[in-house]
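Visitor: Okay, here's the prediction I keep looking at, along with the sequence it came from:
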Protein chains: 2
Amino acid sequence: MQVNIALKKVVDNSYNITIDTLPTLHFETKVAIVTNETVSAIHLEYLLKKVSAKELHVVTLKDGEEYKNQESIDLILESLFENRFNRKSLLIAFGGGVIGDMTGFAASIYQRGIDFIQIPTTLLSQVDASVGGKTGMNNKYGKNLVGAFHQPKAVYIDPYFLATLPSREFSAGVAEIVKMAVTFNKVFFEFLEVADLNNHEILQEVIKQAVSTKADVVTKDEKEHGIRAALNYGHTFGHVIENETKYKKYLHGEAVAIGMVMANEIAVKMNLMNEKEAARIKVLLEKYNLPTSYKIENSHSFYEAFFLDKKSSDSSITFIIPIGIGDVTITDKVDAGTIMCVLNKFGES
Amino acid sequence: MQVNIALKKVVDNSYNITIDTLPTLHFETKVAIVTNETVSAIHLEYLLKKVSAKELHVVTLKDGEEYKNQESIDLILESLFENRFNRKSLLIAFGGGVIGDMTGFAASIYQRGIDFIQIPTTLLSQVDASVGGKTGMNNKYGKNLVGAFHQPKAVYIDPYFLATLPSREFSAGVAEIVKMAVTFNKVFFEFLEVADLNNHEILQEVIKQAVSTKADVVTKDEKEHGIRAALNYGHTFGHVIENETKYKKYLHGEAVAIGMVMANEIAVKMNLMNEKEAARIKVLLEKYNLPTSYKIENSHSFYEAFFLDKKSSDSSITFIIPIGIGDVTITDKVDAGTIMCVLNKFGES
């Protein structure tokens, strides 16, 4: 005999991203702001003037990708348990992508899921990590290998926070913006080639363009069964680079910048992109002082590392290869010879 | 400016529960069977004759509620990483509720979510844990406080496994069946009063009734925003009892049996149930040698422990109180005096 559990239904995970000066926010529930030492020192006072709640707690983690781990998740959860948060309580992620991903993951597993909102403070997290609902943490096997899809209830992007952002981190954010332009929007790419991001209004417009581009993709493919994978352009290589350098040498966006240059090399080899287009992308990245070269010590172990990346399926590696500027293909049909040839080239450089 | 992320869509998490001799199953992906030492020793050989896959791995955990923790989750995840499971790989939960909950939780967070199926081997997990998609683990703050909602792709209930189940565990399963009858189905309750569960066909019918009852509730309320909370009848008390006895003295179903008796006392005090009905429920529980009394050492600390239970909201405790037999109310309007009166009564017993 058989019993069918009918769980087909309309689920609405929609939310708004506000790109403007942070409004005042009041919550009738318990709220925990999760942040790191760096952001806290500079911006917590500003935030606390804007946020009120039934009970307001602050969880301050150490700053850095190397703390994106189980211990930090446990620190967040412990604070929620100690303060008796319930299913109606709320988390606020206040920091960059690391804080956003971990806060979202903690929210997704605390009592089987509570709400969270994002107030991203870096350009990278404003344009990328705050859109899409990917949450997670790293472990010894790699980056973001444990996590959940958990959409925020709202995102507030206040460009005010960027004024204090180190220029290297600002550039790392630009790398993800370039990524979205190359894969989906040629007009946006050409705008970036001439844009002055020191101009507040232009910066705000660029953030909006990047967020809208990503929003389009995520809306079509929330759980990355198809087109959303294109946003991993540069990431297949970038993750291996981050892993090889133990997340210490490069910021995420910097590793992605190198990864995009590597993916472009494959595109050129496959005649999907001409050398001039590859050079334009490199020039745009270098305009923001992003790294575009990397010395691969051992191309075989670099190649082997692809297979541990979660975007790979059993026996093949999925690559995101741009088709010129503004279009992209997702393929596992890149032959190993082409890949090794590109990896070897970076071995020499 | 504002960008809306439109994520409203139809999600289909439907699945079938098959109550019959386990069919042969073949999977084209990597599969890991997660089980415990006890089940493995008795039934793994039988299972391996039925299941084949591209690659088949077995993760064997220690048996017991005290191993429903982060360490066991890590053991499962490590095996998946070491064997390079990807997003298309599958887990099979092969054991009781503890194995089912942990396997489901590991599946929900591995690479942000992979599929799992359930082959429950205890009566309790067949009628209760295998329906509803609740997954999780315990920690020092209590039971199932970290977890996710993650629906299985399929559930196979083979009553063959029950033949080797210790009678105490069988009874613990009956407690959950009684729970479902008391809260939702008077006819089913009356059937149970006269049913002979040693008869294979009657047992199979009872399992189907219990599963169908729970399926109805879960279908209406997948994430426990309303009526599904009624399934926690007996659990608000039961969890505190399990916690006080460190999950060692009572099986989950046994603690729930005591919890139901406590909830019935409140129902009687509130004139929602008469003493005769309360007695009938007690008689049915005792027919299966389930415990119906418990000595509360300190009613104040017992009361205080309610507030850490995740089903409670900030300032009030939600109780599931039966209305006679076959109906139920979910209320946070039970006054503290009534509760303390009942707790004190158990303090004397």
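Guide: All right, it came through fine. Numbers count the residues shown, from 1 in each chain, chains lettered A, B, ... in the order given.
Visitor: Would you agree residue A:334 falls within a strand?
Guide: No. Counting by DSSP: H, G, I helix; E, B strand; the rest coil, residue A:334 is not part of a strand but coil.
Visitor: Output the below-cut-off pLDDT ranges for the stretch 151-300 of chain A.
Guide: The stretch 151-300 of chain A contains no residues with pLDDT under 70.
Visitor: what does it have sitting close to chain B?
Guide: By Cβ under 8 Å from any Cβ of the partner chain, the residues of the stretch 151-300 of chain A that approach chain B are A:151, A:204, A:208, A:211, A:212, A:215, A:218, A:219, A:222, A:223. Backbone N, C-alpha and C define where each C-beta goes, glycine included.
Visitor: Quick check: the fifth one touching residue B:3?
Guide: Yes. The pair residue A:212 and residue B:3 qualifies as a contact (Cβ atoms under 8 Å) at a distance of 5.4 Å.
Visitor: and those two? which has more neighbours close in?
Guide: Counted by other Cβ atoms under 10 Å in any protein chain shown, residue A:212 and residue B:3 do not tie: residue B:3 has more neighbours, with 23 against 20.
Visitor: Doesn't the more buried one belong to a strand?
Guide: Yes. Residue B:3: assigned to a strand according to three-state DSSP.
Visitor: residues contacting it?
Guide: By Cβ atoms under 8 Å, 6 or more residues apart in numbering or on different chains, the contact set of residue B:3 is A:16, A:17, A:19, A:208, A:211, A:212, A:215.
Visitor: partner residues bridging it?
Guide: Counting by DSSP bridges, residue B:3 forms beta bridges with residue A:17.
Visitor: separation between it and residue A:24?
Guide: Distance of residue B:3 to residue A:24, computed by Cβ to Cβ, to the nearest Å: 21 Å.
Visitor: What is the most widely separated pair among the residues of the stretch 151-300 of chain A next to chain B?
Guide: A:204 and A:223 (30.0 Å; Cβ to Cβ).
Visitor: sorry, back to before: of the residues of the stretch 151-300 of chain A next to chain B, which is the nearest to residue A:188?
Guide: Comparing these against residue A:188 with Cβ to Cβ places residue A:212 closest, at 9.5 Å.
Visitor: what about the closest one, which SS state?
Guide: When classified by three-state DSSP, residue A:212 comes out as helix.
Visitor: how about it, what does it touch?
Guide: By Cβ under 8 Å, 6+ apart, the contact set of residue A:212 is residue B:3.
Visitor: so what are the domain limits for chain A?
Guide: Domain assignment of chain A by automatic domain parsing yields the ranges A:16-163, A:170-348.
Visitor: Now find how far off-centre the last one is within its chain.
Guide: Per Cα atoms, centre = their mean, to the nearest Å, the displacement of domain A:170-348 from the mean C-alpha position of its chain is 12 Å.
Visitor: Would you mind measuring the gap between the ends of that domain?
Guide: Terminal residues of domain A:170-348 are spaced 30 Å apart (Cα to Cα, to the nearest Å).
Visitor: so where do the strands sit in the stretch 51-200 of chain A?
Guide: Taking DSSP state E, counting those that start in this stretch as the test, the strands found in the stretch 51-200 of chain A are A:51-61, A:90-95, A:115-120, A:134-139, A:142-149, A:154-157.
Visitor: surely residue A:9 meets residue B:14?
Guide: No. Residue A:9 is beyond contact range of residue B:14, at 9.5 Å (criterion: Cβ under 8 Å).
Visitor: Scan the residues of the stretch 151-300 of chain A next to chain B and report the most crowded one.
Guide: residue A:211 leads these on contacts (other Cβ under 10 Å) with 25 neighbours.
Visitor: got a pLDDT number for the residue nearest to that one when sequence neighbours are not counted?
Guide: Leaving aside its chain neighbours, residue A:211 sits nearest to residue B:3 (5.1 Å; criterion: Cβ to Cβ, 6 or more residues apart in numbering or on different chains). pLDDT for residue B:3: 86.
Visitor: my guess is residue A:278 is in a helix, correct?
Guide: Yes. Counting by three-state DSSP, residue A:278 is part of a helix.
Visitor: doesn't residue A:264 make contact with it?
Guide: Yes. Assessed by Cβ under 8 Å, residue A:278 is found in contact with residue A:264 at 4.3 Å.
Visitor: of these two, who's got more company?
Guide: Using other Cβ under 10 Å, the more surrounded residue of residue A:278 and residue A:264 is residue A:264, with 27 against 20.
Visitor: Quick check: end-to-end length of stretch A:82-91?
Guide: So stretch A:82-91: terminal residues 15 Å apart, Cα to Cα.
Visitor: With that, I have no additional questions.
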